[in-house]
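Student: pasting a predicted model and its sequence here:
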Amino acid sequence: MRNWAAYVIGQTIWNLETQEYLLPAQRAAIFHVMTHISGLHLTRRVIDPARRPGAGVWWRFDGAKTMLIFNPVSYAFLAMVSWPPRGSGFRGTVSQVLVKMAIVSRLPHPGNQVSVPYLAAPSASPSPAGP
């Protein structure tokens, strides 16, 4: 089943959260609006792939499920997780985790980039909101 509205709104918010600096009041407003949009669903207690507690807003599109995970107090964006459609032949999840966002006066030297270990353990997927 295709839920174009939920898909477009969810993807737009994901882009906004990961590409723009938002003030705390803006983050809170976006989160609260998302919880009132038809086709988007709230799961109050989840754990993101970096093992941080959060609140998830999820939708389904073409049988796949995607969840945006937010800090339940500050509404800061934490992660995006997608599960493939059942019976698609794909296994596992696709996850993107936002570890840090900062405003800087200059870019870091290429040799000074932060490396974050990839969490591949099955227990790292959000819970309890699996597919």
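Tutor: Looks like it arrived, so ask away.

Student: ok, longest strand in this structure?
Tutor: Longest strand of the chain, by residue count under DSSP state E: strand 53-61.

Student: pLDDT of it, averaged?
Tutor: Strand 53-61 shows a mean pLDDT of 94.

Student: pull the residues that contact it.
Tutor: Contact partners of strand 53-61, identified using Cβ atoms under 8 Å, 6 or more residues apart in numbering, comprise 1-4, 6-7, 10, 31, 34-35, 39-48, 65-72, 78-79, 126, 129. The C-beta positions use only the backbone N, C-alpha and C, and glycine is treated the same way.

Student: show me what counts as buried in that strand.
Tutor: 54-61 (16 or more other Cβ atoms under 10 Å).

Student: and stretch 97-109, by the same measure?
Tutor: Within stretch 97-109, the residues that count as buried by 16+ other Cβ under 10 Å are residue 97.

Student: kindly report the same for stretch 22-34.
Tutor: 22, 27-28, 30-31, 34.

Student: what do you get for stretch 12-21?
Tutor: Here stretch 12-21 shows 13, 17 as buried, counting by 16+ other Cβ under 10 Å.

Student: which stretch of helix or strand covers residue 15?
Tutor: helix 4-19 (DSSP states H and E).

Student: and the angle from that helix to strand 53-61?
Tutor: Helix 4-19 runs at 140 degrees relative to strand 53-61, counting by axes from the mean of the first three to the mean of the last three Cα atoms, to 10 degrees.

Student: quick check: what element follows helix 4-19 along the chain?
Tutor: Next along the chain after helix 4-19, taking DSSP H and E as the criterion, comes helix 24-34.

Student: shaky segments in this structure?
Tutor: Across the chain, the ranges flagged by pLDDT under 70 are 1-2, 108-131.

Student: if you set the cut-off to 80 instead, what comes out?
Tutor: For the chain, the stretches flagged by pLDDT under 80 are 1-3, 89-94, 100-104, 106-131.

Student: can you flag the buried ones in the contacts of strand 53-61?
Tutor: Buried among these by 16+ other Cβ under 10 Å: 3, 6-7, 10, 31, 34, 40-41, 43, 46-48, 65-72, 78-79, 126, 129.
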